[in-house]
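Undergrad: sequence and predicted model, in that order:
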Amino acid sequence: MKLVNRVTVVTGSGSGIGRSCAIEFAKAGAEVIVAEINPQDAKETVRQIKTNNGKAVAFKTDVSDPASVKNLVEFTIKKFSRIDVLINNAAIQINKTVEEITIEEWNLQMSINVGGIFLCSKHFLPFLRQSKGNIVNMSSVNGFFVETMCAGYCTTKAAIIGLTKAMAIDHGNEGIRVNCICPGYIDTPMSEGYFQSKPDPSKAREEADKLHALWRIGKPEEVGRVAVFLASDDASFMTGASVVVDGGFGSGLPPK
Ligand SMILES: NC(=O)c1ccc[n+]([C@@H]2O[C@H](COP(=O)([O-])OP(=O)(O)OC[C@H]3O[C@@H](n4cnc5c(N)ncnc54)[C@H](O)[C@@H]3O)[C@@H](O)[C@H]2O)c1
């Protein structure tokens, strides 16, 4: 129980990695706010947490919308009077090349994946300063190693690594830590969407397994548990870090 009563906002926690973060934080004793654009999925995350006697509440949030983020901050502070941890996880992945993607799709992806981190961090920072809290951003190995058919997505994930370091040095002297996690392929609706965008989705999935030294893609909880560590006092001397959780994706070339 590393995070007892720590008030934690997890964006995009109605699915996949975000839901697992919410569940793992609740297991560690945190009070979790499930900040998610899809209310039904948020409700399901809260239900799963409460079934295991955890503490969670849902709040409908669009991280790309300044008014919605301000409402989330107001709700959090009114209800809990503080925030200790912000997990900036919400993102979308549009599987297109620069030539194929429309300007509207490009801007939407940027405004959720990068703009959402900007807005949530901007408006929660005054309260994180009071609690000497911390931020965990969800980047990707695609911030280092890019792949075909997702140029805009890879751009956002590289930007998050830079933004994490920038916030870490701007706010370190205030006792605020800012880190990011770079997962390899994780079994979620997002990665399934990527496989489905390929001509042979099941072959694409098999090939993805072998991109990882462990010859399998990861499970969402394998990322959630690292997020708990980073947010806890066990990581008290970690800031500005890009923590790779990738089953060895970045270790070398895949087998032929
Ligand atoms: N799955 C992977 O293989 C993988 C690998 C590396 C990094 N990541 C990153 O992990 C994070 C979670 O990905 P996932 O695979 O769980 O995806 P997912 O699609 O399963 O979940 C994303 C969640 O974000 C929510 N969301 C989307 N737009 C939102 C908005 N504007 N405001 C609030 N919520 C919004 C969705 O409704 C959904 O619940 C993302 O940042 C993603 O880039 C995923």
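TA: That came through, no problem.

Undergrad: switch to C-alpha atoms for all contacts and neighbour counts from now on
TA: OK.

Undergrad: how much space separates the closest residue to Ala151 other than its chain neighbours from the ligand?
TA: Among residues not flanking Ala151 along the chain, Thr97 sits closest, at 5.6 Å (Cα to Cα, 6 or more residues apart in numbering). From Thr97 over to the ligand the distance is 17 Å, taken as Cα to the nearest ligand atom, to the nearest Å.

Undergrad: check contacts around Thr97.
TA: 148-152 (Cα atoms under 8 Å, 6 or more residues apart in numbering).

Undergrad: check Ile101 too.
TA: Counted by Cα under 8 Å, 6+ apart, Ile101 has contacts Ile94.

Undergrad: got the phi/psi numbers for it?
TA: phi -70, psi 140 (degrees, to the nearest 10).

Undergrad: got it, and Gln48?
TA: Dihedral angles for Gln48 - degrees, to the nearest 10 - are phi -60, psi -40.

Undergrad: could you look up the SS state of the closest residue to it other than its chain neighbours?
TA: Distance criterion Cα to Cα, 6+ apart; nearest residue to Gln48, sequence neighbours excluded, is Ile23 at 7.7 Å. Here Ile23 is recorded as helix under DSSP: H, G, I helix; E, B strand; the rest coil.

Undergrad: Ile23 reaches Ile49, doesn't it?
TA: Yes - assessed by Cα atoms under 8 Å, Ile23 is found in contact with Ile49 at 5.8 Å.

Undergrad: more crowded one of the two?
TA: Neighbour count, other Cα atoms under 10 Å: between Ile23 and Ile49, Ile23 has more, with 26 against 23.

Undergrad: show me what contacts the more buried one?
TA: So Ile23 contacts 45, 48-49, 224 (Cα under 8 Å, 6+ apart).

Undergrad: in a helix, Val32, correct?
TA: No - assignment of Val32 by three-state DSSP gives strand, placing it outside any helix.

Undergrad: just confirm it contacts Lys55, I think it does.
TA: Yes - assessed by Cα under 8 Å, Val32 is found in contact with Lys55 at 6.2 Å.

Undergrad: one step back: report the buried members of the contacts of Ile23.
TA: 45, 49, 224 (16 or more other Cα atoms under 10 Å).

Undergrad: and the second one, helix, strand or coil?
TA: Going back to what we said before, that points to Ile49. Here Ile49 is recorded as helix under three-state DSSP.

Undergrad: so what's it scoring on pLDDT?
TA: Reported pLDDT at Ile49 in the predicted model: 98.

Undergrad: now the last one
TA: Gly224 is assigned a pLDDT of 98 by the prediction.

Undergrad: list the contacts of it.
TA: 17-18, 20-25.

Undergrad: can you give me the helices in the stretch 1-150 of the chain?
TA: In order along the chain, the stretch 1-150 of the chain carries the following helices (DSSP state H, counting those that start in this stretch): 16-27, 39-51, 66-80, 103-113, 115-131.

Undergrad: out of those helices, nearest to the ligand?
TA: With respect to the ligand, and counting by Cα to the nearest ligand atom, the nearest of the helices of the stretch 1-150 of the chain is helix 16-27 at 3.4 Å.
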